[in-house]
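Peer 1: output the structure for:
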Amino acid sequence: MTAPTSVQLAIAAGSLIGLGVALLTWRLVPAQPDLRDALERLSPEHARRHASAPVAGEPTQRLGAWGLRVLPPAVWGRAPTAELAILRKPVTRFYGEKVSFALLGLVIPPVLTVLFTIFGANLPLPVPLAGSVVLAGVLFMVPDYNARDDAKRARAEFSRALGAYIDLVALERHNGSGPRQAMEAAAAVGDSWVFARLSEELARTRWSGLTPWESLRALGAELGLPELDDLADIMRLSGEEGAQVYASLRARSAGMRAAMLNHEKAKANEVAERMTIPMSLLGVIFLAILVTPALLRVMAGTP
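Peer 2: Numbering: from 1, shown residues only. Model prediction:
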């Protein structure tokens, strides 16, 4: 068998690069919302299981479902269910992203090896094989990090919006609205995804048989938001025992704002402390510049 020529290697490398660009472009194109998935999220029997709903037509979800069928369970590890729930990302899509990243990691080292071969740098075969395995393993864990990082930001945003929502509920109760009416009217005021999520959960309680505070408690457990438990306890006292909860709601919202303010101050202090490190290094470099000429003269004068 004759060795491949430079033209053949260039064609193969160009084909692989074009395939990689096409796959990345296909991955970055926004997916169309699926009507079936949206209707299933609104049904009460699937309210807590939307992450495991049947796979829709999205290619990433189909790839994740294929991986679940083919690969052993030990490969996946523990899925970040609470993080996926707050992001409203199905488990199949999450697993599909892991498989896509792993396949991308497997392809990159051979492509680079072909390019190096074209330019005359012949790498031994174990190098691209080991690089593919290592890079695929690293990229396989990237969706886990992305999900946790995105969920952390989503929880912070949820907490900020929840403080405003509690104030609105307190005002509605102060104006004479009932517990359910106050919670629903307050949720209808905002147009952010947090208010939309609360409004959706409260709307389900009208036909699911749950009280609004029970639904909020379940939502807090699903998303990992203990702040919703506090709101649920306060509204339960108002709904079941007729307690006056205006002062309690305002105190809870004030406590949440104080906690968020303290957290932001702590972050600012950490940033300020980190800023002292470059300044200290600049001071050391400046002193070194001043001292170096004198040291050189002393050393030059020594025998």
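Peer 1: any stretches of the protein with poor pLDDT?
Peer 2: Within the chain, the ranges that satisfy pLDDT under 70 run 1-10, 26-57, 239-243, 301-303.
Peer 1: check which helices and strands the longest helix along it sits against.
Peer 2: Looking across the chain with DSSP state H, the single longest helix is helix 246-301. Judged by 3 or more Cβ pairs under 8 Å, 6 or more residues apart in numbering; DSSP states H and E, the packing partners of helix 246-301 are helix 142-174, helix 226-241. Any C-beta I mention is one placed from the backbone N, CA and C, and that applies to glycine too.
Peer 1: which other residues reach the shortest one?
Peer 2: This points to helix 226-241. Helix 226-241 is contacted from outside by 159, 162, 166, 169, 173, 178-180, 183, 211-214, 216-217, 219-221, 243-245, 248-249, 252, 256, using Cβ atoms under 8 Å, 6 or more residues apart in numbering.
Peer 1: list the buried ones in that helix?
Peer 2: Judged by neighbour count using 16 or more other Cβ atoms under 10 Å, the buried positions of helix 226-241 are 227-228, 230-239.
Peer 1: between the residues you listed, which sits nearest residue 145?
Peer 2: Taking Cβ to Cβ as the measure, residue 227 is the one of those closest to residue 145, at 24.8 Å.
Peer 1: distance check, that closest one against residue 212.
Peer 2: Residue 227 is 16 Å from residue 212, where distance means Cβ to Cβ, to the nearest Å.
Peer 1: could the buried residues of helix 226-241 be laid out in JSON lines, adding distance to residue 131?
Peer 2: Below are the buried residues of helix 226-241 laid out as JSON lines (distance: Cβ to Cβ, whole Å):
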{"residue": "227", "distance to residue 131": "45"}
{"residue": "228", "distance to residue 131": "46"}
{"residue": "230", "distance to residue 131": "50"}
{"residue": "231", "distance to residue 131": "51"}
{"residue": "232", "distance to residue 131": "51"}
{"residue": "233", "distance to residue 131": "54"}
{"residue": "234", "distance to residue 131": "56"}
{"residue": "235", "distance to residue 131": "56"}
{"residue": "236", "distance to residue 131": "57"}
{"residue": "237", "distance to residue 131": "61"}
{"residue": "238", "distance to residue 131": "61"}
{"residue": "239", "distance to residue 131": "61"}
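Peer 1: which of the residues you listed lies closest to residue 22?
Peer 2: residue 228 (43.6 Å).
Peer 1: so where do the helices sit in the stretch 1-150 of the chain?
Peer 2: Taking DSSP state H, counting those that start in this stretch as the test, the helices found in the stretch 1-150 of the chain are 6-28, 35-42, 59-70, 73-76, 81-87, 91-118, 126-140, 142-174.
Peer 1: apart from its neighbours in sequence, what residue is nearest residue 135?
Peer 2: The shortest distance from residue 135 to any non-neighbouring residue, by Cβ to Cβ, 6 or more residues apart in numbering, is to residue 105 (3.8 Å).
Peer 1: OK, contacts around that neighbour?
Peer 2: By Cβ under 8 Å, 6+ apart, residue 105 lies in contact with 132, 135-140.
Peer 1: got a winner among these for most neighbours?
Peer 2: Scoring these on neighbours with other Cβ atoms under 10 Å, the highest-scoring entry is residue 140 at 21 neighbours.
Peer 1: before we move on, back to that, with distance to residue 192 added, can I get the helices and strands packed on helix 246-301 in JSON lines?
Peer 2: Formatted as JSON lines, those follow (distance: least, Cβ to Cβ, whole Å):
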{"stretch": "helix 142-174", "distance to residue 192": "6"}
{"stretch": "helix 226-241", "distance to residue 192": "16"}
